[in-house]
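Engineer: attaching a predicted model along with its sequence, questions to come.
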Amino acid sequence: DTEFFFLVLLPPVIFEAGYTLNPGTLFKNFDAVAVFAFLGTFTSTLVVGCVMYAAGRTGLSFPFTLRDAMLFASLISSTDPVTTLSIFSDMGLDPDLH
């Protein structure tokens, strides 16, 4: 159920991510964080969306409209960095990496 996910499961995940954030490290590396967050996500969205649209047009997958392909790509591209940061944190890597 999507309501259960958005109202019960998602808020604790977002809260935990913000609560454990080290603000000193974030602001020290803010320029790199901003570049990778905005430009990287935008580039990933364009690439994934165009590949999905092209795959649909050539018959390799379900024929998505350009709008649907870009919407899906924006969802996938924005959740991938969250997953990567979670894995980095679990591995105990240097905080400058995340």
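Structural biologist: Perfect, thanks for sending it.
Engineer: hey, where'd the helices end up in this structure?
Structural biologist: Ranges of helices within the chain are 2-4, 10-19, 23-28, 30-34, 41-58, 66-91, based on DSSP state H.
Engineer: dump these into a markdown table; add mean pLDDT and mean neighbour count as well.
Structural biologist: For every residue, glycine as well, the C-beta is placed using N, CA and C. Compiled in a markdown table, these are given as follows (pLDDT from 0 to 100; neighbours: other C-beta atoms under 10 Å):
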| stretch | mean pLDDT | mean neighbour count |
| --- | --- | --- |
| helix 2-4 | 85 | 7 |
| helix 10-19 | 77 | 10 |
| helix 23-28 | 83 | 11 |
| helix 30-34 | 85 | 11 |
| helix 41-58 | 94 | 15 |
| helix 66-91 | 82 | 14 |
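Engineer: and S61, its phi and psi?
Structural biologist: phi -150, psi -180 (degrees, to the nearest 10).
Engineer: if I pick it, what's in contact with it?
Structural biologist: 52, 55 (C-beta atoms under 8 Å, 6 or more residues apart in numbering).
Engineer: just the pLDDT at it, thanks.
Structural biologist: Looking at S61, its pLDDT stands at 91.
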